[in-house]
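any chance you could fold what I've pasted below:
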Amino acid sequence: MARAMLDYTLDILERVSFDTTLFTKEVQKALIRLQPHEIIELKIFLNNLIQKKPQLEAYVQLNAI
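So this is what the prediction gives:
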């Protein structure tokens, strides 16, 4: 169950990636909910997702995470 929140968050982010407003809100919520080691995995996921969907890059500043 340790990864449950991270897996849930990644699933939600994948599903809302069509809408930049929802996507941004979900990233912000994820940063509040996740543990520090999970945030590292989140950053890796976001890097990969941004490569698939470059339009999201403007809404996620990975340097700030």
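
so which bits of the host helix or strand of residue 30 are buried?
Element membership for residue 30 (DSSP states H and E) is helix 20-33. Buried residues in helix 20-33, counted by 16 or more other Cβ atoms under 10 Å: 23, 26-27, 30. No exception for glycine: its C-beta is placed from N, CA and C like everyone else's.

quick check: next helix or strand after that helix?
helix 36-52.

quick one, that following helix and helix 20-33 angle?
Here the directions of helix 36-52 and helix 20-33 differ by 160 degrees (axes from the mean of the first three to the mean of the last three Cα atoms, to 10 degrees).

buried residues, helix 36-52. List them.
Per 16+ other Cβ under 10 Å, helix 36-52 contains these buried residues: 38, 41-42, 45-46, 49-50.

returning to that earlier point: and of the buried residues of helix 20-33, the nearest to residue 61?
residue 27 (9.8 Å; Cβ to Cβ).

and the closest residue to that closest one other than its chain neighbours, how many neighbours?
What sits nearest to residue 27 in space, not counting adjacent residues and going by Cβ to Cβ, 6 or more residues apart in numbering, is residue 60, at 5.8 Å. When counting by other Cβ atoms under 10 Å, one arrives at 20 neighbours for residue 60.

surely residue 60 meets residue 24?
Yes: using Cβ atoms under 8 Å, residue 60 is in contact with residue 24, at 7.2 Å.

in this protein, which residue is most central in space?
residue 27 (4.7 Å; Cα atoms, centre = their mean).

which ones are touching that one?
Neighbouring residues of residue 27 by Cβ atoms under 8 Å, 6 or more residues apart in numbering: 13, 46, 59-60.

restricted to helices, list those.
13, 46 (DSSP state H).

report the two of the contacts of residue 27 separated the most.
13 and 59 (11.5 Å).

which one's more surrounded, these two?
Shown here are residue 13 and residue 59; by other Cβ under 10 Å, residue 13 has more neighbours (21 against 13).

which residues touch the residue lying closest to the more buried one once chain neighbours are set aside?
Leaving aside its chain neighbours, residue 13 sits nearest to residue 26 (5.5 Å; criterion: Cβ to Cβ, 6+ apart). Neighbour list for residue 26: 9, 12-13, 16 [criterion: Cβ under 8 Å, 6+ apart].
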